[in-house]
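*Asks:* test case, fold it:
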Amino acid sequence: MSSNRPFVLTIAGFDPSGGAGVLADIKTFEQHQVYGLAINTGNTIQTENLFHEMHWTDLDFVLRSIKILFEKYDIKGVKIGIIPSLTYLKSIVLEIKKLSPKTTIIWDTILKSTTDYEFISIENKSTFIEIIQHIDLITPNYIELSKLSPIGISATVTAQELSKHCAVLLKGGHRSEMKGIDELYFNGEVIKILPKTSIIHEKHGSGCVLSAAILANITLKHDLPSACTNAKIYIEKYLNSNNTLIGYHYV
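*Replies:* Numbers count the residues shown, from 1 in each chain. As a prediction, this is how the structure comes out:
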């Protein structure tokens, strides 16, 4: 058992390529010197550039796993990745809050894979709002946030509205007019987080790595703006670690 590292938990999918999901999260946690625990929401058959198949984990199995881990460990933060439905997500979030109300929860709002496999469709907006009221931060990219926006409403306005319920980090990777500039909607403010470099090599699973790095930084007592800034520095090093779709982790 770790005697000096805080415990964090990733609840996400298993990607056998190691570029995304729980494997990527655990690598990120280790580099930040927090102790990572993991629960699979589903097993995938995929590589870094091709998605073949998804097999979801039974919700009851996930909930029992959460209960056992929280009974054993003082878990300071949880990162949630791919989930098959809002009902599945709601059950996970409420179980965590029941077991440990002060535990930080980040949801990386992955709606579909980079190869267009759809994981979840957000059709019931009222249920979505109900859930994020129990979450500390969501980390959508511009395309994901656009899918959450009512017709005729921009992604940035949607981010402002959602930030009334939880903090929102709008990632800049898919915004042609603000390429690489992240925006943190938090406490009524919009904090721009600028890139350190204009040269970026794309990576499979970069969103997973970023949200895991943010959680690690929060667990290490950084405030949210600092955690997001530190995580952006980490993800840029990860993205530029080589010119393939699979990156190397280092601080």
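*Asks:* for this protein, what spans make up the helices?
*Replies:* All helices of the chain, identified by DSSP state H, fall at 21-31, 59-72, 86-99, 125-132, 142-148, 155-162, 206-219, 224-239.
*Asks:* list the buried ones in the fifth one?
*Replies:* Of the residues in helix 142-148, those scored as buried under the neighbour-count criterion (16 or more other Cβ atoms under 10 Å) are Tyr142, Glu144, Leu145, Leu148. The C-beta positions use only the backbone N, C-alpha and C, and glycine is treated the same way.
*Asks:* mind putting those residues in a markdown table, distance to His52 and pLDDT included?
*Replies:* Conversion of the buried residues of helix 142-148 to a markdown table gives the following (distance: Cβ to Cβ, whole Å; pLDDT from 0 to 100):
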| residue | distance to His52 | pLDDT |
| --- | --- | --- |
| Tyr142 | 27 | 86 |
| Glu144 | 22 | 83 |
| Leu145 | 28 | 84 |
| Leu148 | 27 | 76 |
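*Asks:* hmm, who's touching stretch 221-228?
*Replies:* Contacts to stretch 221-228, defined as Cβ atoms under 8 Å, 6 or more residues apart in numbering, come from residues 136-137, 167, 169, 182, 184, 186, 191, 193, 214-215, 217-218, 230.
*Asks:* mind checking how far that stretch is from the chain centre?
*Replies:* 15 Å (Cα atoms, centre = their mean, to the nearest Å).
*Asks:* with stretch 142-155 instead?
*Replies:* 18 Å.
*Asks:* same question, stretch 80-96
*Replies:* Chain-centre distance of stretch 80-96: 13 Å, with Cα atoms, centre = their mean.
*Asks:* which residues sit against that stretch?
*Replies:* Applying Cβ under 8 Å, 6+ apart, the contact partners of stretch 80-96 are 10-13, 20-22, 25, 41-42, 56, 59, 62-63, 66-67, 70, 78, 103, 105-108, 110, 119-120, 122, 124, 127-128, 130-131, 134-135, 208, 211.
*Asks:* can you list the buried residues of helix 142-148 in a markdown table and add distance to His222?
*Replies:* Shown next, in a markdown table, are these (distance: Cβ to Cβ, whole Å):
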| residue | distance to His222 |
| --- | --- |
| Tyr142 | 25 |
| Glu144 | 25 |
| Leu145 | 24 |
| Leu148 | 27 |
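*Asks:* other SSEs contacting the longest strand seen in the chain?
*Replies:* Using DSSP state E, we find that the single longest strand of the chain is strand 35-46. The contact analysis (3 or more Cβ pairs under 8 Å, 6 or more residues apart in numbering; DSSP states H and E) places strand 35-46 against strand 7-14, helix 21-31, strand 51-56, helix 59-72.
*Asks:* quick one: mean pLDDT over the first one.
*Replies:* Mean pLDDT, computed over strand 7-14, is 98.
*Asks:* the inter-axis angle of it versus helix 59-72?
*Replies:* Relative orientation of strand 7-14 versus helix 59-72 (axes from the mean of the first three to the mean of the last three Cα atoms, to 10 degrees): 160 degrees.
*Asks:* what about strand 7-14, distance to the chain center?
*Replies:* Here strand 7-14 is found 10 Å from its chain centre; the criterion is Cα atoms, centre = their mean.
*Asks:* tell me which residues in it are buried?
*Replies:* Buried residues in strand 7-14, counted by 16+ other Cβ under 10 Å: Phe7, Val8, Leu9, Thr10, Ile11, Ala12, Gly13, Phe14.
*Asks:* now Gly172. Nearest residue, chain neighbours left out?
*Replies:* Ile181 (4.3 Å; Cβ to Cβ, 6 or more residues apart in numbering).
*Asks:* repeat for Lys237
*Replies:* Once chain neighbours are set aside, the closest to Lys237 by Cβ to Cβ, 6+ apart is Tyr250, at 6.7 Å.
*Asks:* likewise Ile26?
*Replies:* Closest residue to Ile26 apart from its sequence neighbours, by Cβ to Cβ, 6+ apart: Gly36 at 4.4 Å.
*Asks:* thanks again, I'm all set now.
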